[in-house]
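Chemist: starting from these lines, generate the structure:
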Amino acid sequence: MPNFTNVTIMKETMKEIMKEMIRIYIIGFLSVSILYVILKLSIDLLLLNEELIDSVERIIELLLFALVFTLFQGFIIIQFLKPKISLLTSDSPIEKRFGNVEEEVSINKQFDFEKFVKSLKNDFVITYSDKNIIKIRDKFKFWSWGAAAMISIDKENNTLKINSFPLNGTPGTKATIDKKSRKLIEKSITKI
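Modeler: Sure thing, here's the model as predicted:
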């Protein structure tokens, strides 16, 4: 049963992710819309088209279509990301269905896990943390959502176990999918 602080952190993380996704979609929609309007008006003016009013009406219709398409696409992506984000904000282990990459890193007995967690804050978003486990994700960018990982410490064997998986659902080969996960692992290992 999650305690109050974990539930609060999970809600804050979901709000943060939704804000980032909405910002990305607004920027994308506005960029495409402005580019389309400029291109369409430029072509109409260059061709000396007297039917400029008809062009403006067509532009408005196409912009409405683009808005509906963008909202539909956003809804689908949010539905795809929901299980991954829920996993990242809970104490549940990472599931194999996300296609994770696993790696174990040897550490010394004096390794300070709390100091390691603090060192990750500048490069990653921490979605869940307790005394032996931390879950992180890349910061969202316009072109890539990156990957996420669960890092757990095994004090008996002096190892860190890192499980990583890509956040977005872009199709591709296993090598393409693993590339984002491995990049996150390498970046987190440099903080040890």
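
Chemist: report the secondary structure state of residue 156.
Modeler: Three-state call for residue 156 (DSSP: H, G, I helix; E, B strand; the rest coil): coil.

Chemist: if I look at it, how far off is residue 107?
Modeler: Here the criterion is C-beta to C-beta, to the nearest Å. By it, residue 156 lies 12 Å from residue 107. (C-beta placed from N, C-alpha, C; glycine too.)

Chemist: these two - which one has more neighbours?
Modeler: Neighbours per residue, other C-beta atoms under 10 Å: of residue 156 and residue 107, the larger number sits with residue 107, 18 against 6.

Chemist: let me know the helix or strand that residue 153 is in.
Modeler: Element membership for residue 153, per DSSP states H and E: strand 147-154.

Chemist: identify the residues contacting that strand?
Modeler: 84, 88, 93-94, 107, 111, 113, 127, 132-138, 159-167, 180-181, 183-185, 188 (C-beta atoms under 8 Å, 6 or more residues apart in numbering).

Chemist: mark which of those are buried, thanks.
Modeler: With burial judged by 16 or more other C-beta atoms under 10 Å, the buried subset of those is 84, 88, 94, 107, 111, 113, 127, 133-138, 159-160, 162-167, 180-181, 184-185, 188.

Chemist: now do the phi/psi pair for residue 144.
Modeler: phi -150, psi 140 (degrees, to the nearest 10).

Chemist: I'd like the distance between the nearest residue to it once chain neighbours are set aside and residue 121.
Modeler: The shortest distance from residue 144 to any residue other than its chain neighbours is 7.1 Å, reached at residue 168 (C-beta to C-beta, 6 or more residues apart in numbering). Between residue 168 and residue 121 the computed distance is 23 Å (C-beta to C-beta).

Chemist: looking at these two, which is more packed in?
Modeler: Taking neighbours as other C-beta under 10 Å, residue 168 and residue 121 compare with residue 168 leading, 15 against 11.

Chemist: would you point out which residue is most central in the chain?
Modeler: Nearest to the mean C-alpha position of the chain, counting by C-alpha atoms, centre = their mean, stands residue 145 at 3.3 Å.

Chemist: how is it assigned, secondary-structure-wise?
Modeler: coil.
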